[in-house]
Structure formats: C-alpha cells, structure tokens
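Participant: based on what follows, work out the 3D shape:
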Amino acid sequence: MEQSIVDSVALAGTAEMGDLTIWGLFLRAHWVVKIVMIMLFFASVWTWAIILDKMWRLRRLESRALKYIEENVLQAPRSVEEGPGYEIPYLYFDYLRTGDARPLKGVFYHNAMDVVAMAALLSHTAKMLADPFHEALSTGWT
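Facilitator: Modelled structure (predicted):
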C-alpha cells in the first residue's frame, strides 16, 4: 500500500506539466482571459503613470506643509488671528497649569481652519484627478 502511494507521487512528478512561467501560462490561456490580462496590464501602466506624474509634481513644491500648500496651491494664506502650530502644545500646557482657556481660542480657530483647508485640498485634488493630465495649477505647479 505504501509503495503504491510512493509510486503514484513519483509518477505525478514525472508527468508533463508544461511551461509554468508567466509567459507560458499566458500563451495557454483562453483568448478571453488573454484580452482581460492585456487590459489589466495597460490599466496598471496607466495608473502608475498618473501616480508617478503626481509624485513628480508634488516633489516640485518647496514644502509639503499644509501652510505652504494653502498659500501656494490654494491661494488661501492663514490669518493673524491664529497662532502658529508649533505653539499649540505650549498653550495647552499653560492652560493645564493655569486653568485660563482664553489663549486656546486661537488653537480652536487654527484647528477649524485646518479642517477647512483639508476640505479645500480634497476638492482641489478631486478636480485634478477628474482630468489628471490636463489640470494646470495657477502657481506654476504643472
């Protein structure tokens, strides 16, 4: 019994399995499968072209900080009512120490403007993705 199992496994290993490379599998596939595979290949190339184009454009920005993008891409500079982001932890720790929440007003305004800026950036990005190769930015980010 055991010998017959060993013989079966040995015979299966010697059977002609054909070319199991990607190219060999492609050549043996049905024509519908070949068309789908070709379409997927070109869709992948197109997607990577868009991704690399956007990455190349993004690298041309001097900074990827939200403040820089707001000023140079969205043309929406921050107002003087809010403090810089790096001061927020110090203001919070001052509040914890003193209990005076008045300086946090600028922090809440800053956070609200961050949300507005992110929504505007999302809208701007959606417009760019709707027409990825023809959308030009007025800031020279082309």
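Participant: only C-alpha atoms for contact and neighbour calcs from this point on.
Facilitator: Fine.
Participant: what average pLDDT does the top helix by length along the chain get?
Facilitator: Longest helix in the chain, counting residues (DSSP state H): helix 31-59. Taken as a whole, helix 31-59 has a mean pLDDT of 90.
Participant: and that helix, what's buried?
Facilitator: Across helix 31-59, burial judged by 16 or more other CA atoms under 10 Å covers residue 54.
Participant: how far off centre is that helix?
Facilitator: 15 Å (CA atoms, centre = their mean, to the nearest Å).
Participant: kindly report the same for stretch 112-128.
Facilitator: Chain-centre distance of stretch 112-128: 15 Å, with CA atoms, centre = their mean.
Participant: list the buried residues of that stretch.
Facilitator: Within stretch 112-128, the residues that count as buried by 16+ other CA under 10 Å are 114, 117, 121, 128.
Participant: what helix or strand is the second one on?
Facilitator: Translated: residue 117. For residue 117, the element it lies in under DSSP states H and E is helix 104-130.
Participant: list the helices and strands that helix packs on?
Facilitator: helix 88-98 (3 or more CA pairs under 8 Å, 6 or more residues apart in numbering; DSSP states H and E).
Participant: tell me what angle the helix it packs on forms with helix 104-130.
Facilitator: 150 degrees (axes from the mean of the first three to the mean of the last three CA atoms, to 10 degrees).
Participant: centre of the chain versus helix 88-98, how much separation?
Facilitator: 35 Å.
Participant: quick revisit: how much distance is there from the helix holding residue 117 to the middle of the chain?
Facilitator: Centroid separation for helix 104-130 versus its chain: 17 Å, with CA atoms, centre = their mean.
Participant: mean confidence (pLDDT) on that helix, please.
Facilitator: In this model, helix 104-130 carries a mean pLDDT of 83.
Participant: show me the two of the buried residues of stretch 112-128 that sit farthest apart.
Facilitator: Distance extremes for the buried residues of stretch 112-128: the farthest pair is 114 and 128 at 20.7 Å, using CA to CA.
Participant: quick check: the gap between the residue nearest to residue 85 when sequence neighbours are not counted and residue 26.
Facilitator: Leaving aside its sequence neighbours, residue 85 sits nearest to residue 110 (CA to CA, 6 or more residues apart in numbering; 7.7 Å). Separation of residue 110 from residue 26 (CA to CA, to the nearest Å): 56 Å.
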